[in-house]
Each structure stands twice: as structure tokens, then as C-alpha cells.
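Undergrad: Sequence and predicted structure are below.
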Amino acid sequence: QVQLAESGGGLVQAGGSLRLSCAASGHTFSTSAMGWFRQGPGKEREFVAAITWSGGRTYHADSVKGRFTISRDNAKNLVYLQMNSLKLEDTAVYYCAVQLVDSGNVRNKRAYDYWGQGTQVSVSL
């Protein structure tokens, strides 16, 4: 059974940094794509970043490009989201998700097979 567990969320001042982690288990992820999404208060869940497990190709939403970086540790089945220069509008619950087979459509939340429970990121003045 595939399980995803996020960690690393918290409260941070604007301009600060956080690193989120997603531990994946229950599957061989060699053909997968992993993504980070977020859902702010009263908003729909939106794409943040994604990475292909084998080739390490990365994708980032325009709103976080240059501030957030997705990476992975294949040996440990971990995916990270390094978030720098955080802004108030980054406040959201952050979710990791997996496509068991990379569909090439990493920005669409409907293309993902499994989701973690989410971790709260709150950015304050």
C-alpha cells in the first residue's frame, strides 16, 4: 500500500525558509513522478512543483520559481521542497502526491494516484 507522509511545516516569518519532506513507501517508485501541491484558505488545491523519479526532471509553478526547489533522494524514497523567501501568500496546507507511472502531466492534480495528509505552512509578518 502506497503511503506518503509529509513533515517540516510550521510557522515562519516572511522572508524566512522551510524545508518540507515527503517520505514515500509501499511501492517501487522508479517510474513515478512526485508532486507538491498546496491549498490556501478558501482556495483550490494548486500545483507547486514536481519531479520525475528516474530522470530528476523538475517543474515549478511560476509563483514559486526562483524561491522553491524540489529535489529527491532515491535511496531514501524522500522528496523535498526547499522554500526560501517565503511570502504571506505561501500560507497553505502543502501536500505531496505521486503518480505511480509518470504521465507527463505533472501539473494536473487529477493525474496523481496517492496523496499525503498534508502539512501546514503559515507565514507571518
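TA: Cool, the structure landed.
Undergrad: Show me which positions of stretch 82-91 end up buried.
TA: 83, 86, 90-91 (16 or more other CB atoms under 10 Å). For the C-beta atoms, the positions are set from N, CA and C on the backbone; glycine is no exception.
Undergrad: What of stretch 107-114?
TA: 109, 111-112, 114.
Undergrad: Which of those sits closest to residue 66?
TA: residue 109 (22.8 Å; CB to CB).
Undergrad: which residues touch that closest one?
TA: Residues in contact with residue 109 (CB atoms under 8 Å, 6 or more residues apart in numbering) are 35, 37, 45, 47, 97.
Undergrad: Which residue ranges of this protein form strands?
TA: All strands of the chain, identified by DSSP state E, fall at 3-7, 10-13, 18-25, 33-39, 46-52, 58-60, 68-73, 78-83, 92-99, 114-115, 119-124.
Undergrad: quick one: the fifth one to chain centroid distance?
TA: Using CA atoms, centre = their mean, to the nearest Å, the mean C-alpha position of strand 46-52 is found 6 Å from that of the whole chain.
Undergrad: Output the strands of the chain as TSV; include the columns distance to residue 105 and mean pLDDT.
TA: Below are those laid out as TSV (distance: least, CB to CB, whole Å; pLDDT from 0 to 100):
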stretch	distance to residue 105	mean pLDDT
strand 3-7	19	97
strand 10-13	31	98
strand 18-25	19	96
strand 33-39	9	97
strand 46-52	10	97
strand 58-60	11	97
strand 68-73	16	95
strand 78-83	18	97
strand 92-99	8	97
strand 114-115	16	96
strand 119-124	24	98
